[in-house]
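Sequence below, structure please.
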Amino acid sequence: MNKQILKAWDKHNSDLMTAIKSASLDDIDYKQLLELTLKTIFPNNDKKYNGLPHYSRVTVVDSGNYQGTMIFVITADDYQPSASDHWYTCVDYGSCSGCDTLQAITNYDNGLPNEEQAKDLFTLCLHLMQKMKRMYEVE
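Below you'll find the predicted structure:
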C-alpha cells in the first residue's frame, strides 16, 4: 500500500467504519463505496493541492457486461493534474451474489448494514486501498 494512503488509512479507518455503519445499503455500488472511503480517509483533501486521490474525481472504466473488472481512475485535486496526479484501483465483479463480493455482502438488503455487513464492507474498502497505485510514479 502506498505510504501516504497507509498513513491516512491508519489515522482514519475507525472513521470509515462509522461512515459505513451509517450508509444505506440501498443501491450501493463499488464507485460509491470507493468515494466514501476516499472522502473519509482523506478528510482534509479539499484544503490544499496535495496530489492525493480525490473522492469527487472518480472515473469508472468498465468494459464488462454481467461480469468483469471495474478500473477506477482517480484524479488528485490539483490545479493542473499531470500523469503523476492520477491513481487507479480495481475490483472484479459478477452478476450474482455467488460471484460478486458486494452483492454477497449486501445480500440485496436495504437500510443500514448489520455488524457483519459493515465489517465485510470495511474489508472491501481496505482491498480497494491496498490495490491503489499512482498511474505514473514521480522520479
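
Longest helix in the protein, by number of residues?
helix 3-21 (DSSP state H).

Buried ones in it, by neighbour count?
5, 8-9, 12-13, 16-17, 19-21 (16 or more other CB atoms under 10 Å). Quick note: C-beta positions are derived from backbone N, CA and C, even for glycine.

so residue 79 sits right up against residue 51, yeah?
No - contact status for residue 79 versus residue 51: not in contact, 11.0 Å apart, counting by CB atoms under 8 Å.

Compare the two (neighbour count), which wins?
Each of residue 79 and residue 51 has its neighbours counted (other CB atoms under 10 Å); residue 51 has more, 18 against 6.

now that one, what's its secondary structure?
coil (DSSP: H, G, I helix; E, B strand; the rest coil).

could I get the longest helix of the chain in CSV with only the CA atoms?
Extracted C-alpha coordinates of helix 3-21, given in CSV (Å, rounded to 0.1, in the frame of the first residue of the first chain):
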residue,chain,number,x,y,z
LYS,A,3,2.8,5.2,2.2
GLN,A,4,0.5,8.2,2.1
ILE,A,5,-2.6,6.0,1.8
LEU,A,6,-1.4,3.7,4.6
LYS,A,7,-0.8,6.7,6.9
ALA,A,8,-4.3,8.1,6.1
TRP,A,9,-5.8,4.7,6.5
ASP,A,10,-4.2,4.1,9.9
LYS,A,11,-5.3,7.5,11.1
HIS,A,12,-9.0,7.4,9.8
ASN,A,13,-10.1,3.8,9.4
SER,A,14,-12.2,4.0,12.6
ASP,A,15,-14.0,7.0,11.0
LEU,A,16,-14.5,4.9,7.9
MET,A,17,-16.2,2.1,9.9
THR,A,18,-18.5,4.7,11.4
ALA,A,19,-19.3,6.1,8.0
ILE,A,20,-20.0,2.6,6.6
LYS,A,21,-22.4,1.8,9.5
